[in-house]
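Asks: okay, here's the prediction I keep looking at, along with the sequence it came from:
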Amino acid sequence: MIQNNPFLCFNFLKKWMIHFSSKKKEYSTSLLPDFTFIKTFIPLLYTNIAKTNTKGLTYTIKNKQEKKKNSKTFLIYDIHTYFNTISIKDDNKYKIKKTIQYPGYLCELENFLSVNEYMKKRLSKSSNYKFNLYKRKLEHSFEISYKMYYGAITKEKYNFLFYAFKKLLIKRFNDKQETNNNLNPKEWDFYFDVTYPMLLEKKAALFVTYNKKTPIAITLLYFSDTIAFDTIRVFDIDYAPFRLGTISIIKQLDWCITNGIKFLDFSKGYYEYKERWATTKYNFEYHIIYNSKSYASKTIMYLTLAFFNFKNYLRNKNIHKKFHQFTFALKKNNTKKIEKKVPLKNFKAPKKENLKEISVFDIKNTSLLKYVYDFLYRKSEKLNHVTLYKITNHQNCYYIKGLQNADTFTAYNLKE
């Protein structure tokens with residue numbers, strides 16, 4: 001069982017109702033004392049409050065028989081099979097049908113004294129070397145700091161971070177050419193509204209990586225007594241050569257181990273990084289609790305089960321990914337851009353009179369940041385030591401100069 005589950009706390013459920021279901025009445029049953037339900041559009045079918053916005057639930061069920069006739073059917077999302085130990089007595093008229101929907105990934109930290117020990121146990125020697133190299137290179141090239149906001153934060157700082165969080169997510173998924181559900185206005189407003197009071201109660205946190213004072217990677221986490229739930233994570237794609245996402249995971253694992261957190265849960269959905277870092281793979285299930293003595297309840301159960309089994313079939317065929325790409329393409333101003341970095345062949349160092357110094361931080365030049373950061377990574381230069389020039393006698397040509405190295409490139413932004 002998950003003790004003090006953040007997705008069942010008062011603030012999380014109250015805020016969810018305000019944002020998603022303000023006009024519906026809440027329903028409780030002694031059969032399932034851990035949950036509060038709302039009625040769906042299907043008669044006699046009830047679903048748990050918060051639905052798929054949770055990142056893992058466990059529950060108990062009352063095995064004592066109810067005397068009155070009851071045809072209600074209950075759908076519970078996101079049952080965490082690693083922690084859930086639910087069972088029903090054979091003589092209980094209520095039964096459970098389960099449907100697997102997503103894989104889940106968990107880092108078991110209880111037996112490790114440091115993140116280095118965890119990495120040596122979980123990763124190969126070459127991966128350990130590479131990941132530590134990425135971190136050294138990042139911290140060499142930029143003025144990097146890390147901060148876990150957990151239990152205390154001003155509202156002004158919180159607003160600033162969530163604004164930066166959203167900008168990074170938009171940038172990331174524009175680059176992927178996919179729609180992201182978290183950026184749905186209703187869903188984003190919910191996370192913005194619910195996280196602040198939970199952060200103050202130490203039931204949520206924002207882990208932020210800074211370059212100077214600029215957030216370049218942010219992770220939203222929620223906490224039970226022993227589990228950190230990785231809920232939304234993003235990094236600035238301009239820093240991709242430095243594997244900023246990997247470094248963020250290393251620092252979060254370090255924080256969790258240092259602070260006695262027994263599990264870092266990457267939650268539902270497959271990503272390559274989850275499989276690499278996790279010690280355990282489990283399943284997220286949807287549970288349908290139905291009255292086996294009621295024809296109506298059994299019918300609702302079979303229809304609901306068939307619907308979610310079909311959804312999972314489509315998901316296994318990657319239809320969901322194609323759907324997100326399709327919905328992204330339907331949006332205005334989402335014309336796909338192709339960006340190329342072309343080295344200048346046989347190009348000598350440009351003459352001084354053909355160089356015009358430009359600021360890499362000027363908003364007009366932000367599309368060039370990824371080229372500058374790629375140069376920093378390849379040449380192990382520091383950002384503070386780099387100067388960027390426009391080569392005036394060649395179209396779309398630039399010259400980067402550091403303390404020890406220099407490079408030239410041609411950059412194009414082409415619209416399809």
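Replies: Good, I have the coordinates. Everything numeric in this text was worked out from a predicted model, so none of it was measured.

Asks: for residue 372, give its distance to residue 185.
Replies: 33 Å (Cβ to Cβ, to the nearest Å). C-beta here means a position set from N, CA and C on the backbone, and glycine is covered the same way.

Asks: so between those two, which is more surrounded?
Replies: residue 372 (23 against 7; other Cβ atoms under 10 Å).

Asks: whichever strand or helix holds the more buried one: which residues count as buried?
Replies: If you go by DSSP states H and E, residue 372 is part of helix 369-379. Neighbour counts over helix 369-379 (16 or more other Cβ atoms under 10 Å) mark 369-377, 379 as buried.

Asks: stretch 33-51 now?
Replies: For stretch 33-51, using 16+ other Cβ under 10 Å, the buried residues are 35-40, 44-51.

Asks: tell me the one of these nearest residue 145?
Replies: Residue 145 lies nearest to residue 50 out of the buried residues of stretch 33-51, by Cβ to Cβ, at 34.0 Å.

Asks: and the gap between the closest one and residue 206?
Replies: Counting by Cβ to Cβ - residue 50 and residue 206 are separated by 20 Å.

Asks: likewise for residue 365?
Replies: 29 Å.

Asks: who has more neighbours out of these two?
Replies: Each of residue 365 and residue 206 has its neighbours counted (other Cβ under 10 Å); residue 206 has more, 23 against 15.

Asks: helices and strands of this structure: which one bottoms out on pLDDT?
Replies: Across the helices and strands of the chain, mean pLDDT, DSSP states H and E gives its lowest value to strand 337-343, namely a mean of 49.

Asks: pull out the buried residues from the next helix or strand after that strand.
Replies: Using DSSP H and E, the helix or strand that follows strand 337-343 towards the C-terminus is strand 355-358. Using 16+ other Cβ under 10 Å as the test for burial, strand 355-358 gives residue 355.

Asks: what's the answer for stretch 260-275, then?
Replies: 261-268, 274.

Asks: pairing partners for the longest strand along the chain, with directions?
Replies: Ordering each strand of the chain by length in residues (DSSP state E) puts strand 94-108 first. Here strand 94-108 has these sheet partners by DSSP bridges: strand 263-268 (antiparallel), strand 280-291 (antiparallel).

Asks: how far off centre is the longest one?
Replies: What that stands for is strand 280-291. Centroid separation for strand 280-291 versus its chain: 21 Å, with Cα atoms, centre = their mean, to the nearest Å.

Asks: quick one: mean pLDDT for stretch 317-329?
Replies: Here stretch 317-329 scores 67 as its mean pLDDT.

Asks: could the buried residues of stretch 260-275 go into CSV alongside pLDDT and distance to residue 219?
Replies: Shown next, in CSV, are those (pLDDT from 0 to 100; distance: Cβ to Cβ, whole Å):
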residue, pLDDT, distance to residue 219
261, 97, 14
262, 97, 18
263, 98, 15
264, 98, 10
265, 98, 12
266, 96, 11
267, 92, 12
268, 92, 16
274, 95, 13
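
Asks: out of those, which is nearest to residue 93?
Replies: Among those, and counting by Cβ to Cβ, the member closest to residue 93 is residue 268, at 31.1 Å.

Asks: what's the distance between that closest one and residue 54?
Replies: 10 Å.

Asks: overlap of the contact sets of the two?
Replies: Common neighbours of residue 268 and residue 54, using Cβ atoms under 8 Å, 6 or more residues apart in numbering, are residue 78.

Asks: measure stretch 24-41 end to end?
Replies: Stretch 24-41 has an end-to-end distance of 11 Å (Cα to Cα, to the nearest Å).

Asks: okay then, goodbye and thanks.
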